[in-house]
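K.L.:
here's a sequence, model it:
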Amino acid sequence: MTGRLEGRIALITGASRGIGRALAKRFCQEGATVIALARTQGALEELDDEVRADGRGTLVLVPEDLRKEEKIDQIAAALYQRFGKIDILVGNAGTLGTMGPMGHIKPKHWQDVLDTNLTANWQLIRYMGPLLEQSDAGRAVFVTSSVGHEPRAYWGAYAVSKAGLEMMVQTWALELGKTNIRANLYDPGRTRTRMRASAFPGEDPETLPLPESHCEAILDLVSVDCPHQGQVIAAVRPE
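P.N.:
Residues are numbered from 1 along each chain as shown. The predicted model follows:
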């Protein structure tokens, strides 16, 4: 590891599994202090054991539900008191919701997907944005999906939430102007995750890239010299 994130403070949501978990481990290996946020405390504790065994970086566990606005506010206040800033925000937490015809989605399922995939990330911008402003090079990356800009039948609330996420982040990026913050989106594409297995239950997971395959690209987006602003960066797949 190169120590690219030495001394940086990074908040990662959805850190208990999949891409978020892979990023938390890699960021720690690169020297960061990682605030790992997820709903599943047991999975976070397992992650902590792995990071401690590796002996690099620092992991701070935050077992909270992002759908609760007051929790995000409290987390932001605690981070300000402890660190005075954050340097990196990765909005990775997401839920697939119900797949099927648009008109068949139950209102509670629709709302849960929008609350998790869109509104929670808006709250992160609201409350964590001021902390990013305290960094010399604040970096924000939100994980999206191709269905956010390429409509696909039966993906319903998930597709709508990702389309909204992309517009929201790109609008925020325009508003950032000449600040030190850069905000972008990352589309990982086909990846061996629990969500992918739910969407494609008959798919052979061995044919899919591992979550760890995205770490390098996201590291580039959170680096101090990242040139992008308001972009959707798609994972590069080998031929």
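K.L.:
show me the contacts for residue 152.
P.N.:
Counting by CB atoms under 8 Å, 6 or more residues apart in numbering, residue 152 makes contact with residue 159. In short, each C-beta sits where N, CA and C put it, glycine included.
K.L.:
what do you get if the cut-off is 10 Å, keeping everything else the same?
P.N.:
Applying CB atoms under 10 Å, 6 or more residues apart in numbering, we find residue 152 in contact with 145-146, 158-159.
K.L.:
please name the nearest non-neighbouring residue to residue 147.
P.N.:
Spatial nearest neighbour of residue 147, chain neighbours left out: residue 159 (4.1 Å); criterion: CB to CB, 6 or more residues apart in numbering.
K.L.:
secondary structure element for that neighbour?
P.N.:
Element membership of residue 159, judged by DSSP states H and E, is helix 156-176.
K.L.:
repeat that for residue 62.
P.N.:
Assigned by DSSP H and E, residue 62 belongs to strand 58-63.
K.L.:
export that strand as PDB, just CAs?
P.N.:
Provided in PDB are the C-alpha atoms of strand 58-63 (Å, rounded to 0.1, in the frame of the first residue of the first chain):
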ATOM      1  CA  THR A  58      -8.000   3.300  12.400                       C
ATOM      2  CA  LEU A  59     -11.700   2.200  12.200                       C
ATOM      3  CA  VAL A  60     -14.500   4.000  14.100                       C
ATOM      4  CA  LEU A  61     -17.700   2.000  14.200                       C
ATOM      5  CA  VAL A  62     -21.100   3.800  13.900                       C
ATOM      6  CA  PRO A  63     -24.000   1.300  14.000                       C
END
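K.L.:
distance of the residue nearest the centre of the chain relative to residue 55?
P.N.:
Nearest to the mean C-alpha position of the chain, counting by CA atoms, centre = their mean, stands residue 92 at 1.9 Å. Going from residue 92 to residue 55 by CB to CB, to the nearest Å gives 24 Å.
K.L.:
same question for residue 233.
P.N.:
For residue 233, the distance to residue 55 equals 31 Å [CB to CB].
K.L.:
between the two, tell me which one has more neighbours.
P.N.:
residue 233 (18 against 8; other CB atoms under 10 Å).
K.L.:
what's the first helix or strand after the helix or strand of the chain with the lowest mean pLDDT?
P.N.:
One helix or strand of the chain scores below all others by mean pLDDT, DSSP states H and E: helix 194-199, with a mean of 86. Downstream of helix 194-199, the next assigned helix or strand under DSSP H and E is helix 215-222.
K.L.:
ok, then the element right after that following helix?
P.N.:
Downstream of helix 215-222, the next assigned helix or strand under DSSP H and E is strand 232-234.
K.L.:
what sits against the residue nearest to the centre of the chain?
P.N.:
12-15, 18-24, 37-38, 121, 141-143, 186, 188, 214, 218.
K.L.:
ditto for residue 78
P.N.:
Each residue near residue 78 by CB under 10 Å, 6+ apart is listed here: 35, 60, 62.
K.L.:
same question, residue 174
P.N.:
183, 229-230.
K.L.:
of those residues, which is the nearest to residue 168?
P.N.:
Checking the contacts of residue 174 against residue 168 with CB to CB, the nearest one is residue 183 at 9.7 Å.
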